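Pasting the sequence and the predicted coordinates here, then a few questions.
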Amino acid sequence: MKRKYVAGIAAIMMGASMVLSGCGDNNSSKGGEEGNGGSGDKGVVNVFTARHYDIDFAMFDKFETETGITVNEIKGTAEELVERMKREGESTEADLFITVDGGVLNYAKESGVLQPIESEAIFANVPEKYRDTDNQWIGLATRARVIAYAKDRVTPEQLSTYEALAEEQWKGKLLVRSSSNLYNQSLVASLIELNGEEAAEQWASGVVANFARDPEGGDRDQAKAIAAGTGDVAIMNTYYVGQMLHSKDAEEVKVAEGLGVFFPNQATTGTHLNISGIGLTKHAKNKDNALKLVEFMTGKEGQEMLTNGSFEFPVNEAAELPELLKEWGAFTTQTLDFAKLGEYNKKATELMNKAGWK
Amino acid sequence: MLAWLLRGFRQRWNGWIAISGIGAAIALLPSLYIFTGIWGKPGENWGHIRDYMLIDYALQSLLLVVCVVALTVAVGVSLAWLTAAYEFPLRRILSFAFILPLAIPPHIAAYTYGDMLSYTGTVQRLLRNGLGLKLNQAYFDVMSMQGAVFIFTMFLFPYVYLMAKSFLERHSASYIENARLLGQHPLYIFVRVVLPISQGAIVGGASLVAFEVLNDYGVSKHFGIQTFTVGIFKTWFGMYDIESAIRLAAMLMSVIVGLFILERLLRRRKRYHAAANRSAPLQRRKLTGFPAVAAVLFGSVVVLASFVIPVAQLTAWAVWTYADVWNDSFPELIGNTLAICLAAVLLIMLIAVIAANALHTWRSGFTLVASKLLSMGYSMPGAVLSIGVLAVFLSLDHSLAGIYEWLGLGAGRLVLSMSIAMLLFAYVVRFLSVGFNAVDAGREKLGTRLSEASRMLGYSMTRTFFKAELPLLRGALLTGAILSFMEVVKELPLTLLLRPFNFNTLSTKAYQYASDEQIHYAALPSLLIIALGIISVSLFHLLGRRGHE
């Protein structure tokens, strides 16, 4: 009697696990089988992405209708996805890896999960300065980290460089988000490369001393704090201003309209740029399809779609800029190798911690 | 010692213990994997972390936990006492409404309050545009330590409330009636009788709150609080040092396991038994006049802050963004969410029942420790746990590679680790303790007399279980199922990282919008999560009432 029940339970558990792995089977074989036979023009491409914009999804959709290639995606934060690819090794199902920030792209490269992209068509789309030195990743769009200021309290003449934000005159007036934010880490990394570690550390301390309040919230929250009068200047990415100006929320539009956008360091080292990029995974099983998707996303049409949806700057010079970006006009950018942002990321985080940048 | 253990083992060895032993071992693998990090080689940044960050993280976490626990106990117990011992207008509705905040994931509440109180948010907008007031921003600064304490208190106090209330209603009558007969002042009764006798229930609820706070990432990160968990992520994502991050996680886990043991000890030492086994339920006294008004007011303020206001705000945003957000994939999102949650709950409860059964037939220090170990998954930040789960599944896939090839799936393929099975496994590891605790508590209430009688009559353990115990455990099973369902619906980091391609849930969708600072667009998926939560909470409430009457 006893044995019978135990056997019954064991059978139920086996059944359950078979159903479960059965589910899994269906799920992965849908991608898998097509993927394995995907050397032709139809098939799949599997994307690990740390970008979560609806516009990216819309682009995948468009690509699907144009080519018949199905795009599968897994989202997550970049570091988690890289860790996953590292652990999956050559068994990984990922073909492409998309993320924001040059530092992370470099981290992916250093982690050995990418391989060089060799495609003249893609090189024609994306100038060399927006590609990894070994072409292990290709830029998709750039984002400028600028100084936003209260139009009614600050004149552009008072602003000059990132470095100047650490000066006495901005005491109690500066807003920026926390040091755990990648954009800030990369900005500091760029200053380490340009001015040296000691100067960067001094700068971070100066900036912390000028904080209008402890760092909190995201870039939009800094913009709102300017409108509220908590502070006068904020370090933020341009595309947030763009998105707020086009918000359906009249109050957000009002906040953004009160902001001036200043591109710093025009006379010196140029405005800090960050980059969104895409890499081909080392063990990609659908390489041809993957390259087609990269080509599509960096092509003129793809780039216009992307930047119109996100207000980032296109990497393809042939792409038409959204009106707003045209209004801001051309500006000089840092000419750093994006790999440096990754190289100095750790140093940057450390010295921000030391400076007490929360 | 070993011989004694072995003898005990041989005597009690049977199918139940075998299955739960194997289950426990499997469920433990990811935690053990992470736990070994504490002895592993420290990452290159360990020195820096230890010198500049560790103390800060520990202190901030401690401050947060202490404040939140103190406040949740204050709010939870006083509400439990009010609704259990007094009759006042709206009591029925309020006593139900106090559970509703459980349906709202704290990180969504944090985003909602953060935006609502921001410069462009509803509150300031009304004051500014309606009344022309120019306001000091400091009054609205919810994104701070105080703000985090507020959010956690408002959305976690139901844990304490639920446990304290069910204890008071069922087990406290004799003490309280006696104190009342002796003519003690109600305040005296509350402080000198209610608090001490419900200590076990309070500690139980408060420790759940403490675990939730320690594991939280969403609220702390958004509000800029440097907690231990935020530190783990900063080490991983900011320094790319996963070894150090795992080490931090292992340290956090040790603290939490310590808390578990402390909780056990606190609950063990003081146990109040009702004089008679079937003590009558507590008689509620009628409140009139000022006390009645005060009770209604207090209750309503809590319900407004912890449920009505955030849900109203989310609803307003959802109406506003509905057209942009709703699309064909939404029904699929809901379907995915329901399917995976139900599957996870089924598995969790199955394992919980087997484990609880084994535990109760062979109660010893050894099995007690084993049962606590089973709950270890609950003590780890989701994203860190996911690394452990991934490691287990990858090695499983590698060892099954031969079979895959034989089945014609191709060489070097990832089958299990690209499937939904991995995500389900992770849910089980993480939330097993929720289901297990409910079943365990149910069994503890049953006592052993019944099963012993059945065994003496010659029924096997299995038959005893199906014939006698399972029907009596029905309530506990449903409670466990509902609570774990709610947890799984709200879960984010595991789902985000371990799901198969193109598999989205309401939670990942809401996260996607919120992480892009588009909280208004996140309102619709958030509301759907809350709706699922409310349905489960209502079921839970109905069940409790039926059990009570």
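Ah, there it is. Numbers count the residues shown, from 1 in each chain, chains lettered A, B, ... in the order given.

Next, give phi and psi for residue A:153.
Backbone dihedrals for residue A:153, given as degrees, to the nearest 10, come out at phi -120, psi -10.

show me what contacts it?
Neighbour list for residue A:153: residue A:232 [criterion: Cβ atoms under 8 Å, 6 or more residues apart in numbering or on different chains]. Placement of C-beta: from N, CA and C, glycine included.

and the gap between it and chain B?
In this view, residue A:153 and chain B are 14 Å apart by Cβ to the nearest Cβ, to the nearest Å.

contacts for stretch A:241-250?
Identification of contacts with stretch A:241-250 by Cβ under 8 Å, 6+ apart yields A:148, A:220, A:223, A:252-253, A:255-257, A:259, A:261, A:310-311, A:322, A:324-325, B:120, B:320-321, B:520.

Okay, and which of those residues map to helices?
Cross-referencing those against helices under DSSP state H gives A:220, A:223, A:252-253, A:255-257, A:310, A:324-325, B:320-321, B:520.

Just the buried residues of stretch A:60-74, please?
By neighbour count on 16 or more other Cβ atoms under 10 Å in any protein chain shown, the buried set for stretch A:60-74 is A:60, A:63, A:67, A:69-74.

If we check chain B, which of those residues are in contact?
Counting by Cβ under 8 Å from any Cβ of the partner chain, A:72-74 from these sit close to chain B.

on that earlier part again, show me which pair in the buried residues of stretch A:60-74 is furthest apart.
Pairwise distances across these peak at 20.5 Å for A:67 and A:74 (criterion: Cβ to Cβ).

Roughly how far does residue B:188 sit from residue B:180?
11 Å (Cβ to Cβ, to the nearest Å).

for residue B:170, that is, sorry about that
Applying Cβ to Cβ, the value for residue B:170 to residue B:180 is 17 Å.

One more: residue B:453?
For residue B:453, the distance to residue B:180 equals 37 Å [Cβ to Cβ].

With residue B:82 instead?
16 Å.

So for these two, which sits in the more crowded spot?
residue B:82 (24 against 15; other Cβ atoms under 10 Å in any protein chain shown).

give me every residue that touches the more buried one.
B:88, B:295, B:298-299 are the contacts of residue B:82 under Cβ under 8 Å, 6+ apart.

Please narrow those to those residing in helices.
Members of the contacts of residue B:82 lying in helices (criterion: DSSP H): B:295, B:298-299.

Tell me the one among those nearest to residue A:120.
Looking at the ones in helices among the contacts of residue B:82 and their distance to residue A:120, the nearest is residue B:299, at 70.6 Å (Cβ to Cβ).

How many residues are close by that closest one?
Look at residue B:299: counted by other Cβ under 10 Å, it has 23 neighbours.

check whether the host helix or strand of residue B:522 contacts chain A.
Element membership for residue B:522, per DSSP states H and E: helix B:519-548. Yes: using Cβ under 8 Å from any Cβ, we find that helix B:519-548 touches chain A at residue B:520.

Could you pull out the helices in the stretch 101-250 of chain A for me?
For the stretch 101-250 of chain A, the helices defined by DSSP state H, counting those that start in this stretch cover A:102-110, A:120-125, A:182-195, A:197-210, A:219-228, A:238-245, A:250-257.

Output these as TSV; include the columns mean neighbour count and mean pLDDT.
Shown next, in TSV, are those (neighbours: other Cβ atoms under 10 Å in any protein chain shown; pLDDT from 0 to 100):
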stretch	mean neighbour count	mean pLDDT
helix A:102-110	26	89
helix A:120-125	16	95
helix A:182-195	23	93
helix A:197-210	18	96
helix A:219-228	24	92
helix A:238-245	22	91
helix A:250-257	18	91
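
and the stretch 351-500 of chain B, which of its residues are near chain A?
Within the stretch 351-500 of chain B, the positions adjacent to chain A are B:354, B:383, B:386-387, B:390-391, B:394, B:397-398, B:409-410, B:412-422, B:424, B:460-463, B:466, B:496-497, B:499-500 by Cβ under 8 Å from any Cβ.

could you flag which of the residues you listed are buried?
Among those, those buried by neighbour count (16+ other Cβ under 10 Å) are B:354, B:383, B:386-387, B:390-391, B:394, B:397, B:409-410, B:412-422, B:424, B:460-463, B:496-497, B:499-500.

which residues of the stretch 301-450 of chain B score low on pLDDT?
Under the criterion pLDDT under 70, the flagged ranges of the stretch 301-450 of chain B are B:361-372, B:409-413, B:447-448.

Could you check which residue of it lies nearest chain A?
Closest residue of the stretch 301-450 of chain B to chain A, Cβ to the nearest Cβ: residue B:419 (2.1 Å).
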